[in-house]
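S.K.: Sequence and predicted structure below; questions after.
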Amino acid sequence: MAEVPALHGSTALWALTPTRPEARLRSVPAGRAARSAATFGPRVPRPSRGIPQAAGPAQPRTSMQRSAERPLSLTRRGRLVLVGLPIALGVAALILLGAFLTSQAQAGESLPAPAAAVEVSVAAGESLWDLALRYAPDRDPRDVVAEMVELNDLRSSVVQAGQDIAVPVGG
């Protein structure tokens, strides 16, 4: 046979083999040839490992018979769902329970008693601190000033002379 000259590049591999016709026919044993030549009917299942086959005509098996033959096996995803789903539901229940028990509505069960307030007209040079010391001497002046700002909807603690202010009194 004659060799074809070698070429450079991606087509060089075919050039190194001698040119000859390829055989397209192969021999098949007689039993196999008869079966493949027959009509393509339903396949007969091969016997499984470890499961004895009953002799005689095949009868359809029920799902109970199939499950009795082999034990239940779970995939990795199945095990993850079987274990992970209850854990996730438990964690979610704990979070909701914690949120319910620590909510603002539950935390403040009793409202503080409203303090009595007195309407006062601010004199020239007076501040909220001075009013707090005069009308609630037994309390911390910082708390009283904060209550006055909240009671009167003030934007700051600065007041003008002649302004009417509600001042909480007592303890």
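M.R.: Structure received.

S.K.: Do you have the helices of this structure handy? List them.
M.R.: 12-15, 30-37, 63-69, 76-101, 104-107, 128-135, 141-151 (DSSP state H).

S.K.: Residues in contact with the last one: which ones?
M.R.: Residues from elsewhere that reach helix 141-151 (C-beta atoms under 8 Å, 6 or more residues apart in numbering): 115, 117, 128-129, 131-133, 135-136, 154, 156-157, 165-168. Quick note: C-beta positions are derived from backbone N, CA and C, even for glycine.

S.K.: and it, which residues are buried?
M.R.: Val144, Val145, Glu147, Met148, Val149 (16 or more other C-beta atoms under 10 Å).

S.K.: Pick the one among the contacts of helix 141-151 closest to Leu94.
M.R.: Taking C-beta to C-beta as the measure, Leu94 sits nearest to Ala115 out of the contacts of helix 141-151, at 40.3 Å.

S.K.: show me where pLDDT drops low in this protein?
M.R.: 1-58, 61, 63-68, 105-115, 170-171 (pLDDT under 70).

S.K.: Report the two members of the contacts of helix 141-151 separated by the largest distance.
M.R.: So, these by C-beta to C-beta: farthest apart are Ala115 and Ser156, at 21.7 Å.
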